[in-house]
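K.L.:
sequence and predicted structure are below.
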Amino acid sequence: MSATAELARPETVLPLLDFAGVAVFAATGALAAARQKHDVVTFAFFAALTGVGGGTVRDLLIGAPVFWVADWRYIAVCLVTALAFWIIGAREWRFRALMWLDAIGLAAYGVMGAAKAASYDVAPLICIVMGILTACFGGIVRDVLGHQPSILLRRELYITAALLSAAVFVGLKALAVPLWWAVAIAVAAGLALRAGAILKGWSLPSFPHSQQR
């Protein structure tokens, strides 16, 4: 593989963002376990499943080696994150932190999912879909395991933030914008949209109900 091709691979150019995304989603899994007052082993299970769940499904769908099987450090990051939140213990801010950590992970992993798919020559539209799946699937599993209403069913913008991150990245990549700029702009766009949903309650118009006669 040439040096240019190697630098185009997200696992080479974006390792810190990738590990950070796993850590952030692992943190949301650990916080969900804290909400249910689970033991430290369940903390670790929630963290790992949330941290790598979306990426696992993405890799299986695009025919890539499952990333955490090939690199043990991803699971290690999940376990360390779970242990850290276990040690921190009960804090008033932790559930507010869950919401914001999830927002950061959503934006970052929307980009990472799209970038990973693009490195396997997947069509641009499917890259966007893979970005959404990578960003959202772990959170869906986390909510199901934690017996919480899925965040996907709330009116406020959630999937749309991942869609925006992935779509902006794919669009900028098609315009040959330098990779780091494309990543930074795409993550910022998704995070800003999700932040607006959290702080201002932004949402898309709902399906118009016909009036009953």
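P.N.:
Yep, that arrived.
K.L.:
elements contacting the top helix by length along the chain?
P.N.:
Longest helix of the chain, by residue count under DSSP state H: helix 94-118. On a contact count with 3 or more Cβ pairs under 8 Å, 6 or more residues apart in numbering; DSSP states H and E, helix 94-118 meets helix 10-13, helix 15-35, helix 40-62, helix 124-145, helix 159-174, helix 179-200. All C-beta spots, glycine's among them, are computed from the backbone N, C-alpha and C.
K.L.:
hey, C-alpha coordinates of stretch 71-89 in CSV?
P.N.:
This file holds the C-alpha atoms of stretch 71-89, laid out as CSV (Å, rounded to 0.1, in the frame of the first residue of the first chain):
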residue,chain,number,x,y,z
ASP,A,71,-7.2,-4.3,18.2
TRP,A,72,-7.6,-5.2,21.9
ARG,A,73,-7.1,-1.6,22.9
TYR,A,74,-10.7,-0.7,22.0
ILE,A,75,-12.1,-3.1,24.6
ALA,A,76,-9.4,-1.9,27.1
VAL,A,77,-10.6,1.6,26.6
CYS,A,78,-14.2,0.5,27.4
LEU,A,79,-13.1,-1.3,30.5
VAL,A,80,-11.0,1.5,31.8
THR,A,81,-13.8,4.0,31.2
ALA,A,82,-16.3,1.7,33.1
LEU,A,83,-13.9,1.4,36.0
ALA,A,84,-13.3,5.1,36.2
PHE,A,85,-17.0,5.9,36.4
TRP,A,86,-17.4,3.1,39.0
ILE,A,87,-14.6,4.7,41.1
ILE,A,88,-16.1,8.2,40.7
GLY,A,89,-19.3,7.0,42.2
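K.L.:
ok now that stretch, how far from the chain's centre?
P.N.:
Its chain's average C-alpha position is 17 Å from that of stretch 71-89, according to Cα atoms, centre = their mean, to the nearest Å.
K.L.:
before we move on, back to that, the longest helix of the chain versus helix 159-174: what angle between them?
P.N.:
Counting by axes from the mean of the first three to the mean of the last three Cα atoms, to 10 degrees, helix 94-118 points 40 degrees away from the direction of helix 159-174.
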